[in-house]
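what follows is a protein structure lacking sequence information:
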């Protein structure tokens, strides 16, 4: 077996989501190894680095309330590149607002895109409509809305009141260390989306949400999609790819 | 609040244990912030880097069957140091066989010690006897046995047959991705230790074991101690320490 590429994870947004992304990546590597019939040993995993860097809040930056996280993200990406990383995943949906600029300024690494990976996966699965839960920043940019639209996938988003609940669950709940509060907020919004739109697929488009929401009570028909998991699988595929830089 | 220090985690031994250590560290930082009355936000966490590096098996190296992981660990430690890490934790008990040499060769970082942190914590709690589950390598070096002995804490270890089960649970179970097998192996050995020695405290002195063992069936009196958790708490304390390098 050819040694897998070194890959990087830009985390810290928040740190719990970064740690969880690392777990998802290790699981995804294990799946690749099993699928290839390779023994699953410590030595069979790709070298990977998780950078958990304190960065300004992405939604507040997009709303013009705080400084931009761009310089901090750029610095960490260059550090990951210097460590040998050829592909990097960013463990935060909202941070993808800066994806294009980051990729342009770090041409020596492939910066995966959580939205395009997720949309591609949904299209492969034949999904035609989804509910979407994300930060205000991610919605404001239309990160998922535009990508899903191009793929012909309808999407339903929370009302303004429900969106406030989503943010409360993310900021005071998961980031603030109060998981029961987060779960209550997310379950209420997810339940409303399921009831109002009859969705069968709900995209948890903020890396904090899956840390507290595991199912939609009263709606067993709703499948939860974690874009971080899709991104982690894409990163594992890149690590084990024997093709060139963007292979 | 003074910005916390940059710290590092040397993982990959195995990668699932490294990811889990990252989670324990984030949890430990949250506890520090809450205890200090600081708001828990992304920006309040210390910058930290998790290096998941493929390294030769530690037990096999100690038994003389495989090359030493020392050069690989040394390289990763120097990379962590170059990233600004002032304190580093190694997320593998057996790897502590090389602690003294690593610390001597990396004098610019403080390399925490999982065994001394764990023994100190057990002594603080007034524990006088423990069961001990670890790799063959960790037992062979007497890493815990010597430290517990100096602290006056009695320890009970598995028989040769039970030790083979422990290794099966670690290598084929957790590392190999078969958690049910790992759990069965660990539960059987833990149950025997509890029954034979009447222990109230069981030290899971391999970072893989706590990933599969959450309790000892039939022995609710046995408390499980995870040295990785103790080490993660020590690393969080170092990160938030405002004292000097070894403060």
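Structure's in. What do you need? The model shown is predicted, which means the values in this text are computed figures rather than measured ones. Numbering: from 1, shown residues only, chains lettered A, B, ... in the order given.

anything in the top helix by length along chain A near chain B?
Longest helix in chain A, counting residues (DSSP state H): helix A:15-35. Yes: for helix A:15-35, a contact with chain B is found by CB under 8 Å from any CB of the partner chain, at A:15, A:16, A:18, A:19, A:20, A:22, A:23, A:25, A:26, A:29, A:30, A:34. C-beta here means a position set from N, CA and C on the backbone, and glycine is covered the same way.

what angle sits between the helix or strand containing residue A:188 and helix A:15-35?
If you go by DSSP states H and E, residue A:188 is part of helix A:179-197. On the basis of axes from the mean of the first three to the mean of the last three CA atoms, to 10 degrees, helix A:179-197 is oriented at 70 degrees to helix A:15-35.

I'd like the next helix or strand past helix A:179-197.
strand A:201-204.

looking at that next one now, give me its mean pLDDT.
Averaging pLDDT along strand A:201-204 yields 98.

just the buried residues of it, please?
Buried residues in strand A:201-204, defined by neighbour count with 16 or more other CB atoms under 10 Å in any protein chain shown: A:201, A:202, A:203, A:204.

what does chain A put close to chain B?
A:12-16, A:18-20, A:22-23, A:25-26, A:29-30, A:34, A:39-57, A:79, A:83, A:175-177.

can you tell me what sits against the helix holding residue A:188?
When contacts are defined by CB atoms under 8 Å, 6 or more residues apart in numbering or on different chains, helix A:179-197 is touched by residues A:129, A:131, A:133, A:156, A:158-159, A:162, A:165-166, A:168-170, A:172-174, A:199, A:202, A:208-209, A:211-213, A:216-219, A:221-222.

likewise for stretch A:135-147?
Residues outside stretch A:135-147 that contact it (CB under 8 Å, 6+ apart) are A:58-63, A:93-94, A:96-97, A:115-116, A:118-119, A:132, A:134, A:155, A:157, A:163, A:166-167, A:170, A:203, A:205-206.

need the helices for chain A, in chain order.
A:15-35, A:58-62, A:70-82, A:99-105, A:114-124, A:136-141, A:143-150, A:160-168, A:179-197, A:227-240.

show me the shaky parts of chain A.
Residues of chain A that meet the criterion pLDDT under 70 lie in A:1-2, A:242-247.

from residue A:226, how far out is the closest residue in space to residue A:94 that isn't next to it in sequence?
Take residue A:94 and drop its neighbours on the chain: the residue closest to it by CB to CB, 6 or more residues apart in numbering or on different chains is residue A:58, 3.8 Å away. Remark: distance between residue A:58 and residue A:226 (CB to CB, to the nearest Å) = 18 Å.

out of the two, which sits in the busier spot?
With neighbours defined as other CB atoms under 10 Å in any protein chain shown, residue A:58 and residue A:226 compare such that residue A:58 has more, 26 against 19.

what's near enough to touch that one?
A:13, A:69, A:92, A:94, A:95, A:97, A:135, A:137.

name the nearest of those residues relative to chain B.
Set against chain B, the nearest of the contacts of residue A:58 by CB to the nearest CB is residue A:13 (5.9 Å).

quick check, central residue of chain A?
Nearest to the geometric centre of chain A sits residue A:228, at 3.3 Å (CA atoms, centre = their mean).
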